[in-house]
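Trainee: quick one: sequence and predicted model below, then my questions.
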Amino acid sequence: MTIKPLIILPDPLLRQASAPIERVDTEVQRLAEDMLATMYDAPGIGLAAIQIGVPRRMLVIDVSREGEDKQPLVFINPEIVTSSDDRSVYEEGCLSIPDYYAEVERPARVTVRHIDRDGKEQIVEADGLLATCLQHEIDHLNGVLFIDHISRLKRDMVIKKFTKAARAKAL
């Protein structure tokens, strides 16, 4: 397992849609392990492959609480097949937008079809934090960031702040 560097806003790679994974092989399984190691090191509860510079449709999640056993989940080619009409609001953050948090409203429940790390198709029905995390990470696979769900004014301020920081770092 290798901890990979995170892609940070305003990197245009974060706006790129990710390509499907054709088959689950040792390379894909190694990527999943690297992603989990990177997510735990950050620390975070979810990570999409694009966030480490790999434009493939895979994400990892672990919403276990501190003190509980880790419960790593790997989702390959995840797709939301249904979402509830009722909504929930969570304060979201993102490893690619460090130290910025905002309340985001999303469907309270989702059903996600995906392939697991063994190459088997699975269906997960999620609510609460897992549903929010799945939607957040699937957005990443489509080039969408959580700040796209907040007001344009707040989003523009965040993008401006991170663009300025990236310019300063490049000097």
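Mentor: That came through, no problem. On a predicted model such as this, the values are computed, not experimentally measured, just so you know. Numbering: from 1, shown residues only.
Trainee: for the helix or strand of the chain with the lowest mean pLDDT, which positions count as buried?
Mentor: For the chain, using mean pLDDT, DSSP states H and E, the weakest element among its helices and strands is helix 152-170, scoring a mean of 93. Neighbour-count burial for helix 152-170 flags 155, 158, 162 (criterion: 16 or more other CB atoms under 10 Å). C-beta here means a position set from N, CA and C on the backbone, and glycine is covered the same way.
Trainee: turn the residues you listed into CSV, columns for distance to residue 66.
Mentor: Compiled in CSV, the buried residues of helix 152-170 are given as follows (distance: CB to CB, whole Å):
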residue, distance to residue 66
155, 31
158, 27
162, 28
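Trainee: closest one to residue 55 out of those, please.
Mentor: Set against residue 55, the nearest of the buried residues of helix 152-170 by CB to CB is residue 162 (20.2 Å).
Trainee: how about the secondary structure of residue 40?
Mentor: Here residue 40 is recorded as helix under DSSP: H, G, I helix; E, B strand; the rest coil.
Trainee: and it, what's its pLDDT?
Mentor: You'll see residue 40 listed with a pLDDT of 96.
Trainee: count of residues packed around it?
Mentor: Other residues within reach of residue 40, judged by other CB atoms under 10 Å, total 17.
Trainee: that one against residue 60, yeah?
Mentor: No: using CB atoms under 8 Å, residue 40 is not in contact with residue 60; the gap is 9.4 Å.
Trainee: ok, which stretches of this protein are strands?
Mentor: Here the chain has its strands, by DSSP state E, at 46-48, 58-61, 73-83, 87-94, 97-107, 109-115, 121-127.
Trainee: how big is the angle separating the third one from strand 109-115?
Mentor: Computed by axes from the mean of the first three to the mean of the last three CA atoms, to 10 degrees, the angle separating strand 73-83 from strand 109-115 equals 130 degrees.
Trainee: identify the residues contacting the most centrally placed residue in the chain.
Mentor: The residue lying closest to the centre of the chain (CA atoms, centre = their mean) is residue 137, at 2.7 Å. By CB atoms under 8 Å, 6 or more residues apart in numbering, the residues touching residue 137 are 46, 47, 48, 59, 61, 75, 78.
Trainee: residues near the nearest residue to the last one once chain neighbours are set aside, how many?
Mentor: Ranked by CB to CB, 6 or more residues apart in numbering and with sequence neighbours excluded, the top spatial neighbour of residue 78 is residue 114, at 4.0 Å. Here the number of neighbours of residue 114 (other CB under 10 Å) works out to 23.
Trainee: wait, residue 114 touches residue 77, no?
Mentor: Yes: counting by CB under 8 Å, residue 114 does reach residue 77; the two are 6.1 Å apart.
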